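**Q** coords below, sequence missing:
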């Protein structure tokens, strides 16, 4: 299989190289270097540039309240994107994250009577369970990740609606504190995001599992030959992703003090994938960039915020985001390793 | 190099050793070593191909007995009309999936088509039909070009397309605040509300479109090329088939059909409802896969998609009949069925590979 | 060595003799070159195809056969060279162009669409039309049925292709090629998955095509088939053109020596490798494998290795060397067979169990089965022992650093630092990283599949020295190599495979270049070898009748020469 795929691509590549060879060799490597550099660091540059632009053109941008709001609003995308990055590193994808958020949100009102802690715990369990289903489908039965998580996206959203239905407001002091409280001026939700970021970074950088995840995404065949527990690692990656999506669902519910399974997390999968890809993690797997993903999520949030601040309608913002997604993926994949 | 060869080795079917003995003359020739299927696999395969039809018949039979209002002409006709909007979109999606792709943008494009049709209906019947087709077809074309020429993954391109079409829809409806109405007495209303021989025009249109679709799939080289690309893209390329062109046409047609579905619903509801079509891509994909089309591409039927779409509509209808059941059951049921079907498909594919 | 001419019994009635002398060549390739990202796959290859001939194209792995075919059929764009087709200069930009011009190809791995019907596959892209322009399915099925009937294949043409056995699928591919009425038909290892009877059918079709003036290219690693079928042969090696001539003028040993780059009269060079000589080893085998059978690949292969012993595993392409070590390692589903390490039986099909028992496999395909390109050198080295480098799932970096440091020094791995991505290293250093990965697991049995291929000369010598050193420490080593020097000088004993069976076992004084060459060619009349290889049954050119010793022109005339090595070394440099 792989043997056949290579030729066709190499064909296209070869052709490109022949024409490129007409120019100076040095120029060619220059261009490659450029693209590499942009892939790695473009997100930071863009983020810095956008902050700069905003300082100049947006009134009241440099303002504690504004910045605080930005940080609060970026939290859900950031947390989901970090989980998504873990799955993408295994060469997979998870389209069910939005549905999992809704599922977590739908569970909360059912158990809030027993206290916030238990309700949250059950919500997270529901998320993890959904991830375990996705992971089993991918790792054990061999369903393609897109397909498995797409199915879960339908079923999960339906189940969430079934459990939750209409918007239910939640009046619980614990949830309220989680959603709106802060310590030393830092909102709890932001603290949670920071903790999640550190944990994911730790997972990737310091644990056996993190290294196995990246290895499997980089070369599944070699990982099997090196005796890695491939199935178990894949399963864990999907559980982590779904668990983080559930965390995001809980935080959003706490913030709005209402459970809205119908609308919560719609299109979250797209935002999360975009943040991951903009952050320099390729969709082809084998790499994961935690800091890049954080910056990617911040960049997305800032783009949206900038547009809102300048009265650019939602519609245009959406179309712009669509173009950014395709552009980022195109840039990220470059000539090689597409599809 | 040796990896793939090895898998091949594993997949080689059992051969009758006696055949080797009869070598010598090429007269009778070797028997094709047909892969023998186990009983479990055969049942699984039958379920995957014809399960939707069986389920549809059983469900209809049970519903007719349990709910007296089910088997009435009015109810059946309304099922058919309401299934037609989604089925039109599922027709295009069938080709996309058969060709090894996926299109997550159809829900948005469908809604956009509806809004455009309602808006354009003030200028008459022809614009009301042509404007959504042109715009939605264009979106499909661009997506197809990015996928086929740019080589980006279909799911990410069409996910972005979903967002883009939704943005465009909001843009032309003043951020969703304007709902365009089809002028009363407009000929355009007849498209989905009129009847011929007691059957809605949209149902007739559906039948014609599916007939054409079946013809195109089974009787044109375009159709075969779609199947070949979905079945083994590299082989299609090596055989010199027009892979890029075929993919672009497929996404273009899919955009057109999604737009047409939108126009139909605009005619049916007399307005361009902006919130339609959210999550519709999943319903459409479910219809296609329930109909026996492999989600990985390469095999399936047009008729199966029609059955799949009808099945989903009947499930909806029955859930409504029950009354006490929340309509969200439909999503859970179809999602679960989708996952089961997909698992069966993966199981079959694995068993085949050995 | 004239018995090969007996192959001509097909030719007597065949077109070989009918062909007008000096017929204009159909295809002419001159000086074709092609490189992939710095690796030169073709370095000026010539090929001439005459109408009505079956032309064998042979060479070992990496010789450039497949690349040449793909360049010829428009799959790859060539970098340079002259291509003429029917006398006119051509460049096919896409496979479709070549097919339209009348060149069809049957690939080694069936390149059809398994989910479509047989008839659809045969006519894909040029289906018969009705008068309304739609596909005439009736006519298509009728014509397909006729066609496969003529080829002597009994299949339902409306059935799914994927339901057929691989052999039957290959025949359908042939039917497709025949149906186009091509002027050139290229068959890339078409027989590798066929049964003897199917091979006969295929040959019959090929001869019919030859009779009608088609030029055929035939690639096969079953050497006997070449003499059965082919009129002329072109040999490639390392992207170079080595030899073209009538098939009948070559004997097996000469052909193999062309393929391996050893002139039969010049073999026996000593000291071209870093191997010091024989090793002292224990008596009881630590690895004991017997009766290993892998469907259509291996039958009844046995291998014993003692601690401190280096056992070479020789054989040509397709002989089953890699399959043998993979089966031992549990990476290949076996039909039968028993593998034990230090007296403990291994669970079949479990890589993790084999690893735990102390077996390590350095895979032949470094890129696809070895390195994790985007991981650092140190993470690649520690990959297989990560759990041991961790406490409670958290990696203890100091343990890894200590381990990696040891191996970086011991194997002289050259990297900017241990954090460098392994993809940025040279081939030789990547190979050392992989060897280090396996040595970390402290194996007792080390299976090395082509450990020195595609790495530069310096690294190659270091790897050879390392193998000696490892054996010196009591490791049991299985060494697969396509280079005869490595086997002769590096191994204490060489097991030669041919067509999935043990053809010969050479040790002591028997372990000479000439003996090895005859064994590789499948011509050793080793008494242990009672059965003939499966694919060779009853074939007229079977080498069984030849005396084992002194039959080749190679016997005992070996003189050291460095010249033979030059070409190969250039190749390595290019890749390194």
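**A** Good, I have the coordinates. None of these values were measured; they are calculated from a predicted model.
**Q** list the buried ones in stretch C:472-481?
**A** By neighbour count on 16 or more other CB atoms under 10 Å in any protein chain shown, the buried set for stretch C:472-481 is C:474-481. Yep, even glycine has a C-beta here, placed from its N, CA and C like the rest.
**Q** what ranges does the stretch 151-300 of chain A have for its helices?
**A** A:173-180, A:188-206, A:208-218, A:220-225, A:230-256, A:268-278, A:290-309 (DSSP state H, counting those that start in this stretch).
**Q** packing partners of the first one?
**A** Going back to what we said before, that points to helix A:173-180. helix A:116-136, helix A:188-206, helix A:230-256 (3 or more CB pairs under 8 Å, 6 or more residues apart in numbering or on different chains; DSSP states H and E).
**Q** tell me the buried residues in it?
**A** Within helix A:173-180, judged by 16+ other CB under 10 Å, the buried ones are A:174-175, A:178-179.
**Q** now the two most distant members of the residues you listed.
**A** For the buried residues of helix A:173-180, the maximum inter-member distance is 9.7 Å, found between A:174 and A:179 (CB to CB).
**Q** returning to what we had before: would TSV of the helices of the stretch 151-300 of chain A with mean pLDDT be doable?
**A** Below are those laid out as TSV (pLDDT from 0 to 100):
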stretch	mean pLDDT
helix A:173-180	83
helix A:188-206	93
helix A:208-218	93
helix A:220-225	91
helix A:230-256	94
helix A:268-278	89
helix A:290-309	89
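**Q** which of those is buried the deepest?
**A** helix A:268-278 (a mean of 28; mean count of other CB atoms under 10 Å in any protein chain shown).
**Q** for that one, packing partners?
**A** Using 3+ CB pairs under 8 Å, 6+ apart: helix A:268-278 touches helix A:64-89, helix A:97-111, helix A:290-309, helix A:314-333, helix B:154-172.
**Q** ok, of the ones you listed, where does mean pLDDT dip lowest?
**A** Comparing mean pLDDT across the helices and strands packed on helix A:268-278, the weakest is helix A:314-333, with a mean of 84.
**Q** that one near chain B anywhere?
**A** Yes - Helix A:314-333 reaches chain B (CB under 8 Å from any CB of the partner chain) through A:314-323, A:325-326, A:329-330, A:333.
**Q** wait, a helix at residue C:221?
**A** No - counting by DSSP: H, G, I helix; E, B strand; the rest coil, residue C:221 falls outside a helix, being coil.
**Q** so what's the closest residue to it other than its chain neighbours up against?
**A** Nearest residue to residue C:221 in three dimensions, chain neighbours excluded: residue C:318, at 3.8 Å (CB to CB, 6 or more residues apart in numbering or on different chains). Counting by CB atoms under 8 Å, 6 or more residues apart in numbering or on different chains, residue C:318 touches C:192, C:221-222, C:499.
**Q** tell me the SS of residue C:318?
**A** Applying three-state DSSP: residue C:318 is coil.
**Q** would you list the phi and psi of it?
**A** Per-residue torsions, residue C:318: phi 80, psi 10 (degrees, to the nearest 10).
**Q** how near is it to residue C:516?
**A** Distance, residue C:318 to residue C:516, by CB to CB, to the nearest Å: 18 Å.
**Q** same check on residue B:287?
**A** 64 Å.
**Q** ok, now which ones touch residue A:227?
**A** C:351-352, C:355-356, C:384.
**Q** for PyMOL, write a command that selects the buried ones of these.
**A** With 16+ other CB under 10 Å as the criterion, this PyMOL line picks the buried residues out of those:
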select buried, chain C and resi 351+355+384
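**Q** nearest spatial neighbour of whatever residue of the stretch 101-250 of chain B ends up closest to chain C, chain-adjacent residues omitted?
**A** Closest residue of the stretch 101-250 of chain B to chain C, CB to the nearest CB: residue B:240 (2.8 Å). In space, and not counting its chain neighbours, residue B:240 is closest to residue C:96: 2.8 Å by CB to CB, 6+ apart.
**Q** related to what we said a few turns ago, in strands only, show me the buried residues of stretch C:472-481.
**A** Counted as lying in strands by DSSP state E, out of the buried residues of stretch C:472-481, are C:476-480.
**Q** ok, those vs residue C:60, which is closest?
**A** Nearest to residue C:60 among those, with distances taken as CB to CB, is residue C:480, at 12.9 Å.
**Q** report the beta-bridge partners for the closest one.
**A** residue C:313, residue C:449 (DSSP bridges).
**Q** what does residue C:129 give?
**A** Under the criterion used (DSSP bridges), residue C:129 bridges to residue C:135.
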